[in-house]
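**Student:** What shape does this take:
(one chain, ligands or ions: 1)
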Amino acid sequence: MSLKSKPSSLKSAALAPAANRARRTATKTSNFRPQTLGRPFVLVNMAMTADGKIATANRAVSSFGSRRDHDHLLELRATADAVMSGARTVDSAKINMGPGGEKFQKQRVSRGLAEYNLRIIVSGSGSIDPQAEVFKHRFSPIIILTTERASASSRRLQGLATELKICGAEAINFPAALRWLREKWGVKRLLCEGGGDLNDALLHAGLVDELHLTVCPKIFGGRTAPTIAEGIGFPTLAHATNFNLKSARRVGDEMFLVYGRAG
Ligand SMILES: NC(=O)c1ccc[n+]([C@@H]2O[C@H](COP(=O)([O-])OP(=O)(O)OC[C@H]3O[C@@H](n4cnc5c(N)ncnc54)[C@H](OP(=O)(O)O)[C@@H]3O)[C@@H](O)[C@H]2O)c1
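**Tutor:** I've put the predicted structure just below:
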(Lines give C-alpha, C1' and ligand atoms only; values in the text may rest on other atoms or scores of the structure.)
Protein backbone atom coordinates (compact mmCIF):
# COMPACT_ATOMS: atom_id res chain seq x y z
CA MET A 1 0.00 0.00 0.00
CA SER A 2 2.86 2.38 0.52
CA LEU A 3 4.18 4.98 0.06
CA LYS A 4 7.60 6.50 0.44
CA SER A 5 10.11 5.05 -1.99
CA LYS A 6 12.88 3.34 -0.12
CA PRO A 7 16.34 4.80 -0.44
CA SER A 8 18.29 2.62 -2.84
CA SER A 9 19.85 -0.03 -0.72
CA LEU A 10 21.45 -3.42 -0.97
CA LYS A 11 18.11 -4.84 0.12
CA SER A 12 16.20 -3.40 -2.83
CA ALA A 13 19.03 -4.12 -5.25
CA ALA A 14 18.80 -7.77 -4.23
CA LEU A 15 15.13 -7.96 -5.27
CA ALA A 16 14.44 -9.77 -8.53
CA PRO A 17 13.71 -7.33 -11.40
CA ALA A 18 10.10 -8.60 -11.71
CA ALA A 19 9.48 -8.06 -8.00
CA ASN A 20 10.97 -4.60 -8.27
CA ARG A 21 8.67 -3.80 -11.20
CA ALA A 22 5.63 -5.09 -9.28
CA ARG A 23 6.54 -2.98 -6.27
CA ARG A 24 6.90 0.15 -8.40
CA THR A 25 3.53 -0.51 -10.05
CA ALA A 26 1.81 -1.08 -6.69
CA THR A 27 3.18 2.19 -5.37
CA LYS A 28 2.02 4.05 -8.45
CA THR A 29 -1.50 2.68 -8.55
CA SER A 30 -2.20 3.18 -4.86
CA ASN A 31 -0.92 6.71 -4.61
CA PHE A 32 -0.54 8.30 -7.99
CA ARG A 33 -3.34 10.45 -9.38
CA PRO A 34 -2.93 13.53 -11.52
CA GLN A 35 -4.94 15.49 -8.91
CA THR A 36 -2.44 14.70 -6.18
CA LEU A 37 0.61 15.91 -8.10
CA GLY A 38 2.64 18.12 -5.82
CA ARG A 39 0.60 17.40 -2.70
CA PRO A 40 0.02 14.35 -0.48
CA PHE A 41 -2.65 11.75 -1.13
CA VAL A 42 -5.24 12.53 1.57
CA LEU A 43 -7.21 9.93 3.52
CA VAL A 44 -9.86 10.77 6.08
CA ASN A 45 -10.68 8.17 8.72
CA MET A 46 -13.69 8.54 11.02
CA ALA A 47 -15.96 6.44 13.19
CA MET A 48 -19.62 7.43 13.16
CA THR A 49 -22.85 6.20 14.70
CA ALA A 50 -25.65 4.80 12.55
CA ASP A 51 -27.16 8.32 12.60
CA GLY A 52 -23.92 9.86 11.31
CA LYS A 53 -22.62 11.45 14.53
CA ILE A 54 -18.94 11.53 15.50
CA ALA A 55 -19.54 12.62 19.11
CA THR A 56 -22.45 13.24 21.45
CA ALA A 57 -24.07 16.67 21.43
CA ASN A 58 -22.29 17.59 24.68
CA ARG A 59 -18.98 16.29 23.18
CA ALA A 60 -18.47 14.08 26.24
CA VAL A 61 -18.27 10.92 24.13
CA SER A 62 -16.27 10.74 20.93
CA SER A 63 -14.60 7.35 21.22
CA PHE A 64 -17.16 4.60 20.69
CA GLY A 65 -15.75 2.21 18.09
CA SER A 66 -14.67 -1.35 18.89
CA ARG A 67 -11.14 -2.60 19.45
CA ARG A 68 -11.18 -3.61 15.76
CA ASP A 69 -11.96 -0.02 14.78
CA HIS A 70 -9.06 1.24 16.87
CA ASP A 71 -6.73 -1.28 15.20
CA HIS A 72 -8.00 -0.10 11.83
CA LEU A 73 -7.00 3.45 12.75
CA LEU A 74 -3.51 2.31 13.75
CA GLU A 75 -3.17 0.20 10.59
CA LEU A 76 -3.98 3.26 8.49
CA ARG A 77 -1.55 5.41 10.48
CA ALA A 78 1.11 2.82 9.68
CA THR A 79 0.72 3.65 5.97
CA ALA A 80 0.93 7.44 6.33
CA ASP A 81 3.82 9.86 6.56
CA ALA A 82 1.76 12.20 8.71
CA VAL A 83 -1.41 12.29 10.80
CA MET A 84 -3.44 15.52 10.96
CA SER A 85 -6.24 16.66 13.31
CA GLY A 86 -8.13 19.83 14.12
CA ALA A 87 -7.58 21.77 17.34
CA ARG A 88 -10.85 20.65 18.98
CA THR A 89 -10.07 16.98 18.37
CA VAL A 90 -6.59 17.34 19.80
CA ASP A 91 -7.66 19.15 22.93
CA SER A 92 -10.82 17.18 23.61
CA ALA A 93 -9.25 13.73 23.85
CA LYS A 94 -6.18 12.07 25.35
CA ILE A 95 -4.49 11.32 22.04
CA ASN A 96 -0.80 11.40 21.12
CA MET A 97 -1.33 10.91 17.34
CA GLY A 98 1.54 8.40 17.25
CA PRO A 99 1.97 5.00 15.60
CA GLY A 100 0.52 3.09 18.57
CA GLY A 101 3.22 0.60 19.41
CA GLU A 102 6.20 -1.40 18.23
CA LYS A 103 4.19 -3.65 15.92
CA PHE A 104 3.06 -0.64 13.89
CA GLN A 105 6.48 1.03 14.02
CA LYS A 106 7.93 -2.14 12.45
CA GLN A 107 5.25 -2.10 9.75
CA ARG A 108 6.16 1.50 8.98
CA VAL A 109 9.87 0.77 8.68
CA SER A 110 9.24 -2.27 6.47
CA ARG A 111 7.29 0.03 4.12
CA GLY A 112 10.13 2.51 3.95
CA LEU A 113 8.41 5.05 6.20
CA ALA A 114 9.91 6.79 9.20
CA GLU A 115 9.45 4.81 12.40
CA TYR A 116 7.19 7.54 13.82
CA ASN A 117 4.70 9.56 11.77
CA LEU A 118 4.76 13.35 11.71
CA ARG A 119 1.92 15.02 13.64
CA ILE A 120 0.04 17.99 12.25
CA ILE A 121 -2.43 20.15 14.17
CA VAL A 122 -4.70 22.70 12.53
CA SER A 123 -5.55 25.76 14.58
CA GLY A 124 -6.43 28.91 12.67
CA SER A 125 -6.77 31.14 15.74
CA GLY A 126 -4.07 29.44 17.80
CA SER A 127 -6.63 28.37 20.39
CA ILE A 128 -5.06 24.95 20.88
CA ASP A 129 -4.70 23.92 24.53
CA PRO A 130 -0.98 23.84 25.49
CA GLN A 131 -1.79 21.14 28.08
CA ALA A 132 -3.14 18.77 25.42
CA GLU A 133 -1.83 15.21 25.66
CA VAL A 134 -0.16 15.33 22.25
CA PHE A 135 2.43 17.87 23.46
CA LYS A 136 3.56 15.54 26.25
CA HIS A 137 4.97 13.06 23.70
CA ARG A 138 8.02 14.23 21.78
CA PHE A 139 8.68 11.11 19.67
CA SER A 140 8.15 12.91 16.33
CA PRO A 141 7.88 16.46 14.99
CA ILE A 142 4.65 18.37 15.65
CA ILE A 143 3.70 20.90 12.99
CA ILE A 144 1.00 23.47 13.69
CA LEU A 145 -0.76 24.96 10.68
CA THR A 146 -2.20 28.34 11.58
CA THR A 147 -3.17 31.74 10.16
CA GLU A 148 -2.27 35.39 10.69
CA ARG A 149 -5.14 35.51 13.22
CA ALA A 150 -2.89 33.66 15.64
CA SER A 151 -0.13 36.26 15.63
CA ALA A 152 -0.75 37.19 19.29
CA SER A 153 -0.18 33.58 20.37
CA SER A 154 2.63 32.75 17.96
CA ARG A 155 5.34 32.70 20.64
CA ARG A 156 3.34 30.21 22.71
CA LEU A 157 2.63 28.05 19.65
CA GLN A 158 6.28 28.10 18.62
CA GLY A 159 7.12 26.69 22.04
CA LEU A 160 4.73 23.80 21.47
CA ALA A 161 5.51 22.94 17.86
CA THR A 162 8.56 21.78 15.97
CA GLU A 163 7.40 24.15 13.26
CA LEU A 164 4.63 26.73 13.16
CA LYS A 165 3.45 27.48 9.65
CA ILE A 166 1.21 30.40 8.74
CA CYS A 167 -0.95 29.32 5.82
CA GLY A 168 -3.39 32.15 5.21
CA ALA A 169 -4.88 35.33 6.65
CA GLU A 170 -8.22 34.13 8.06
CA ALA A 171 -8.56 30.45 7.16
CA ILE A 172 -5.95 27.86 6.25
CA ASN A 173 -5.23 27.71 2.54
CA PHE A 174 -5.15 23.92 2.43
CA PRO A 175 -3.95 23.43 -1.17
CA ALA A 176 -0.92 25.60 -0.38
CA ALA A 177 -0.43 24.03 3.06
CA LEU A 178 -0.45 20.52 1.63
CA ARG A 179 2.00 21.44 -1.14
CA TRP A 180 4.28 22.88 1.56
CA LEU A 181 3.98 19.68 3.64
CA ARG A 182 5.04 17.65 0.64
CA GLU A 183 7.94 19.93 -0.30
CA LYS A 184 9.30 20.74 3.15
CA TRP A 185 8.47 17.59 5.10
CA GLY A 186 8.20 14.98 2.33
CA VAL A 187 4.59 14.09 3.18
CA LYS A 188 3.25 11.87 0.40
CA ARG A 189 0.43 10.25 2.28
CA LEU A 190 -1.55 12.21 4.84
CA LEU A 191 -4.12 10.70 7.19
CA CYS A 192 -6.69 13.17 8.52
CA GLU A 193 -8.49 12.07 11.67
CA GLY A 194 -11.07 14.85 11.92
CA GLY A 195 -12.96 16.40 13.40
CA GLY A 196 -15.87 17.54 11.35
CA ASP A 197 -14.71 21.15 10.91
CA LEU A 198 -11.36 20.15 9.50
CA ASN A 199 -12.94 17.49 7.27
CA ASP A 200 -15.35 20.07 5.87
CA ALA A 201 -12.50 22.44 5.00
CA LEU A 202 -10.63 19.65 3.19
CA LEU A 203 -13.77 18.56 1.33
CA HIS A 204 -14.46 22.15 0.25
CA ALA A 205 -10.94 22.41 -1.10
CA GLY A 206 -11.45 19.14 -3.05
CA LEU A 207 -8.59 17.50 -1.20
CA VAL A 208 -10.08 14.27 0.17
CA ASP A 209 -8.96 11.35 -1.99
CA GLU A 210 -10.16 8.49 0.18
CA LEU A 211 -12.71 8.28 3.00
CA HIS A 212 -12.62 5.46 5.57
CA LEU A 213 -15.79 5.26 7.62
CA THR A 214 -16.60 2.86 10.42
CA VAL A 215 -20.33 2.75 11.01
CA CYS A 216 -20.95 1.77 14.62
CA PRO A 217 -24.22 0.27 15.86
CA LYS A 218 -25.31 3.22 18.00
CA ILE A 219 -27.56 6.26 17.73
CA PHE A 220 -26.50 9.46 19.53
CA GLY A 221 -29.12 11.81 18.12
CA GLY A 222 -28.98 15.48 19.02
CA ARG A 223 -29.25 18.35 16.57
CA THR A 224 -25.92 19.77 17.65
CA ALA A 225 -23.98 16.50 17.79
CA PRO A 226 -21.16 16.83 15.22
CA THR A 227 -21.07 14.81 12.03
CA ILE A 228 -18.13 13.88 9.82
CA ALA A 229 -18.39 17.17 7.92
CA GLU A 230 -19.35 20.33 9.82
CA GLY A 231 -18.49 23.88 8.76
CA ILE A 232 -20.67 25.56 6.18
CA GLY A 233 -21.50 22.50 4.08
CA PHE A 234 -22.47 22.47 0.41
CA PRO A 235 -25.53 24.44 -0.76
CA THR A 236 -26.76 22.17 -3.58
CA LEU A 237 -26.51 18.62 -4.84
CA ALA A 238 -24.35 19.86 -7.69
CA HIS A 239 -21.80 21.18 -5.18
CA ALA A 240 -21.64 17.95 -3.13
CA THR A 241 -18.41 15.97 -3.09
CA ASN A 242 -19.01 12.65 -4.78
CA PHE A 243 -17.37 9.37 -3.86
CA ASN A 244 -17.44 5.82 -5.17
CA LEU A 245 -17.76 2.95 -2.73
CA LYS A 246 -14.51 0.97 -3.01
CA SER A 247 -15.16 -1.64 -0.34
CA ALA A 248 -17.60 -2.61 2.41
CA ARG A 249 -16.71 -5.12 5.07
CA ARG A 250 -18.71 -6.24 8.04
CA VAL A 251 -16.84 -7.16 11.22
CA GLY A 252 -19.18 -8.03 14.07
CA ASP A 253 -21.79 -5.27 14.22
CA GLU A 254 -19.62 -2.64 12.57
CA MET A 255 -19.30 -1.79 8.88
CA PHE A 256 -15.93 -0.70 7.49
CA LEU A 257 -16.53 1.38 4.38
CA VAL A 258 -13.93 2.82 2.03
CA TYR A 259 -14.88 5.48 -0.50
CA GLY A 260 -12.67 6.90 -3.23
CA ARG A 261 -13.16 10.36 -4.68
CA ALA A 262 -15.24 10.20 -7.85
CA GLY A 263 -13.75 11.73 -10.98
N1 LIG B 1 -15.65 9.73 15.90
C2 LIG B 1 -14.53 10.11 15.34
O3 LIG B 1 -13.95 9.38 14.51
C4 LIG B 1 -13.94 11.43 15.70
C5 LIG B 1 -12.74 11.83 15.09
C6 LIG B 1 -12.22 13.09 15.39
C7 LIG B 1 -12.90 13.93 16.26
N8 LIG B 1 -14.05 13.51 16.85
C9 LIG B 1 -14.77 14.43 17.76
O10 LIG B 1 -15.22 15.56 17.01
C11 LIG B 1 -15.20 16.72 17.85
C12 LIG B 1 -14.28 17.78 17.26
O13 LIG B 1 -14.69 18.10 15.97
P14 LIG B 1 -14.85 19.63 15.54
O15 LIG B 1 -15.44 19.65 14.18
O16 LIG B 1 -15.56 20.35 16.62
O17 LIG B 1 -13.37 20.20 15.57
P18 LIG B 1 -12.00 19.91 14.76
O19 LIG B 1 -12.27 19.80 13.31
O20 LIG B 1 -11.25 18.84 15.44
O21 LIG B 1 -11.23 21.25 15.09
C22 LIG B 1 -11.79 22.48 14.72
C23 LIG B 1 -10.74 23.53 14.83
O24 LIG B 1 -9.69 23.28 13.88
C25 LIG B 1 -9.28 24.51 13.32
N26 LIG B 1 -9.68 24.54 11.90
C27 LIG B 1 -10.42 23.63 11.22
N28 LIG B 1 -10.54 24.01 9.93
C29 LIG B 1 -9.86 25.17 9.80
C30 LIG B 1 -9.61 26.06 8.71
N31 LIG B 1 -10.11 25.84 7.48
N32 LIG B 1 -8.86 27.15 8.92
C33 LIG B 1 -8.36 27.41 10.16
N34 LIG B 1 -8.56 26.61 11.23
C35 LIG B 1 -9.31 25.50 11.04
C36 LIG B 1 -9.98 25.61 14.10
O37 LIG B 1 -9.13 25.87 15.20
P38 LIG B 1 -9.11 27.31 15.94
O39 LIG B 1 -10.41 27.40 16.69
O40 LIG B 1 -7.92 27.28 16.81
O41 LIG B 1 -9.03 28.34 14.86
C42 LIG B 1 -11.26 24.92 14.52
O43 LIG B 1 -11.90 25.50 15.62
C44 LIG B 1 -14.66 16.28 19.18
O45 LIG B 1 -15.74 15.97 20.04
C46 LIG B 1 -13.87 15.04 18.81
O47 LIG B 1 -13.63 14.21 19.90
C48 LIG B 1 -14.60 12.29 16.59
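**Student:** From here on, just use CA atoms for contacts and neighbour counts.
**Tutor:** Noted.
**Student:** and the gap between residue 104 and residue 184?
**Tutor:** 25 Å (C-alpha to C-alpha, to the nearest Å).
**Student:** More neighbours: these two, which one.
**Tutor:** residue 104 (21 against 9; other C-alpha atoms under 10 Å).
**Student:** Might one say that the more buried one is in contact with residue 75?
**Tutor:** Yes. Using C-alpha atoms under 8 Å, residue 104 is in contact with residue 75, at 7.1 Å.
**Student:** Run through this structure and note the low-pLDDT ranges.
**Tutor:** 1-34 (pLDDT under 70).
**Student:** Angles on the backbone of the spatially most central residue of it, please.
**Tutor:** By C-alpha atoms, centre = their mean, the chain has its centre lying nearest to residue 192, at 1.6 Å. The phi/psi pair for residue 192 (degrees, to the nearest 10) reads phi -100, psi 130.
**Student:** Helices of this structure, start to end?
**Tutor:** 10-13, 17-31, 67-77, 87-92, 102-110, 154-160, 174-185, 196-204 (DSSP state H).
**Student:** Let me know which of the ones you listed is tucked in deepest.
**Tutor:** With neighbours defined as mean count of other C-alpha atoms under 10 Å, the helices of the chain peak in mean count at helix 196-204, which reaches a mean of 22.
**Student:** Output the helices of the chain as JSON lines; include the columns distance to residue 61.
**Tutor:** Shown next, in JSON lines, are the helices of the chain (distance: least, C-alpha to C-alpha, whole Å):
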{"stretch": "helix 10-13", "distance to residue 61": "46"}
{"stretch": "helix 17-31", "distance to residue 61": "34"}
{"stretch": "helix 67-77", "distance to residue 61": "15"}
{"stretch": "helix 87-92", "distance to residue 61": "10"}
{"stretch": "helix 102-110", "distance to residue 61": "26"}
{"stretch": "helix 154-160", "distance to residue 61": "27"}
{"stretch": "helix 174-185", "distance to residue 61": "28"}
{"stretch": "helix 196-204", "distance to residue 61": "15"}
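**Student:** Stretch 50-65 and the ligand, are they touching?
**Tutor:** Yes. Shown here: stretch 50-65 in contact with the ligand (C-alpha under 6 Å from any ligand atom) through 54-55, 59, 62-63.
**Student:** okay, among those residues, which ones form the most distant pair?
**Tutor:** 59 and 63 (10.2 Å; C-alpha to C-alpha).
**Student:** what about the strands in this protein?
**Tutor:** 41-49, 82-86, 118-122, 142-146, 163-166, 189-192, 210-216, 243-251, 254-261 (DSSP state E).
**Student:** How many neighbouring residues does residue 240 have?
**Tutor:** 12.
**Student:** do you know how far the closest residue to it other than its chain neighbours is from residue 45?
**Tutor:** Distance criterion C-alpha to C-alpha, 6 or more residues apart in numbering; nearest residue to residue 240, sequence neighbours excluded, is residue 234 at 5.8 Å. Separation of residue 234 from residue 45 (C-alpha to C-alpha): 20 Å.
**Student:** Comparing the two, which residue is more hemmed in?
**Tutor:** residue 45 (23 against 13).
**Student:** does residue 119 really touch residue 86, like I thought?
**Tutor:** No. The criterion here is C-alpha under 8 Å, and residue 119 misses it with residue 86 at 11.2 Å.
**Student:** First-to-last residue distance for stretch 75-84?
**Tutor:** 15 Å.
**Student:** ugh, wrong one, I meant stretch 241-256
**Tutor:** Stretch 241-256 end-to-end distance (C-alpha to C-alpha) = 20 Å.
**Student:** same question, stretch 217-232
**Tutor:** 27 Å.
**Student:** So for residue 250, what's the nearest residue that isn't a sequence neighbour?
**Tutor:** Using C-alpha to C-alpha, 6+ apart, the closest residue to residue 250 is residue 256 (6.2 Å).
**Student:** Near the ligand, which residues of the stretch 151-263 of the chain are found?
**Tutor:** 171-172, 193-198, 201, 230.
**Student:** same thing but at 5 Å, please
**Tutor:** 171-172, 194-198, 201 (C-alpha under 5 Å from any ligand atom).
**Student:** Just list the residues touching the residue nearest to residue 250, thanks.
**Tutor:** Applying C-alpha atoms under 8 Å, 6 or more residues apart in numbering to residue 256 gives the contacts 212-215, 247-250.
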